[in-house]
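J.: Got a predicted structure plus its sequence, pasted below:
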Amino acid sequence: MKAPATSETARLILRRPEAGDAAAIFSRYASDPVVTRYLGWATHQAVDETRGFLSFSDAEWERWPAGPYLIGSRADGGLLGGTGLGFETPHRCGPPR
């Protein structure tokens, strides 16, 4: 069973990343060394690295029941950040890898 590609609360939208999100992800958080300092992946130096993340995201969504999500504001649709699920088996997940 696949997780929904989109989930909404009163204030937030969680959705599966799309190819057209590369520039927004890069400029909003992936290229910021302060934001990425303690993450499990290196700060992106170019938007092509962010496109690589989007390819990874697509592969995770194809292989597993879910994958990375983007977090957006329902108020203005603006990108706030990202989260997701990393799977060990089809029935066991944890934080994103």
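T.: Received, thanks. Numbering: from 1, shown residues only.
J.: Would you confirm that Thr43 contacts Val34?
T.: No. Taking CB atoms under 8 Å as the definition, Thr43 is not a contact partner of Val34, at 9.2 Å. (Glycine included, C-beta is placed from N, CA and C.)
J.: How about the secondary structure of Pro4?
T.: Following DSSP: H, G, I helix; E, B strand; the rest coil, we place Pro4 in the coil state.
J.: Now for Val47, how many residues are close by?
T.: 15 (other CB atoms under 10 Å).
J.: Next, the buried residues of the longest helix anywhere in the chain.
T.: Longest helix in the chain by number of residues (criterion: DSSP state H): helix 47-63. Residues of helix 47-63 classed as buried: Glu49, Thr50, Arg51, Phe53, Leu54, Ser57, Asp58, Glu60, Trp61 (neighbour count, 16 or more other CB atoms under 10 Å).
J.: quick one, what contacts the first one?
T.: Glu49 makes contact with Phe26, Ala30 under the criterion CB atoms under 8 Å, 6 or more residues apart in numbering.
J.: And the second one, by the same measure?
T.: When contacts are counted by CB under 8 Å, 6+ apart, Thr50 touches Ala22, Ala23, Ile25, Phe26, Ala30, Ser31, His44.
J.: Show me the strands in the protein, by range?
T.: Counting by DSSP state E, the chain has strands at residues 6-8, 12-15, 68-73, 79-84, 86-89, 92-94.
J.: which residues touch stretch 54-67?
T.: 1-3, 5, 16-19, 21-22, 25, 68, 84-87, 90, 93, 96.
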